[in-house]
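A.B. asks: give me coordinates for this.
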Amino acid sequence: GLQKMVDEERYCADVLTQVSSVQEALRGVSRSLLHNHLKHCASEAIRSADATRADAMYEELVDLVFKSSR
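C.D. replies: Residues are numbered from 1 along each chain as shown. Here you go, the predicted model:
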């Protein structure tokens, strides 16, 4: 949809408004995915008796946090 707006040479402010809407929708999806990942995958790995698995999950979570903050 955004590419079509650009191709049609729509007013820049209208395209920027749509870009902002898409970004907000993606932030919502990201929040939901992170919530589910923490609730299920991460908590299971961290609570497991497998220290290697838990350590790997800690590293993954740290990487996710720092990737998100760039």
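A.B. asks: look up how far L33 lies from A25.
C.D. replies: Computed with Cβ to Cβ, to the nearest Å, the distance linking A25 and L33 is 13 Å. No exception for glycine: its C-beta is placed from N, CA and C like everyone else's.
A.B. asks: now for L34: which residues touch it?
C.D. replies: By Cβ atoms under 8 Å, 6 or more residues apart in numbering, the contact list for L34 reads L64.
A.B. asks: specify the next element, helix or strand, located C-terminal of the longest helix belonging to the chain.
C.D. replies: Longest helix in the chain by number of residues (criterion: DSSP state H): helix 12-36. Once the chain leaves helix 12-36, the next helix or strand it forms, by DSSP states H and E, is helix 43-47.
A.B. asks: and that following helix, which residues are buried?
C.D. replies: Neighbour counts over helix 43-47 (16 or more other Cβ atoms under 10 Å) mark A45 as buried.
A.B. asks: distance between that helix and the chain's centre?
C.D. replies: Its chain's C-alpha centre and that of helix 43-47 lie 21 Å apart, by Cα atoms, centre = their mean, to the nearest Å.
A.B. asks: same for the helix or strand following that helix, what does it pack against?
C.D. replies: Reading on from helix 43-47 to the C-terminus, the next helix or strand found by DSSP H and E is helix 51-68. Under the contact criterion of 3 or more Cβ pairs under 8 Å, 6 or more residues apart in numbering; DSSP states H and E, helix 51-68 touches helix 43-47.
A.B. asks: quick one: residues in contact with the helix it packs on.
C.D. replies: Helix 43-47 is contacted by residues 53-54, 56-58 when judged by Cβ under 8 Å, 6+ apart.
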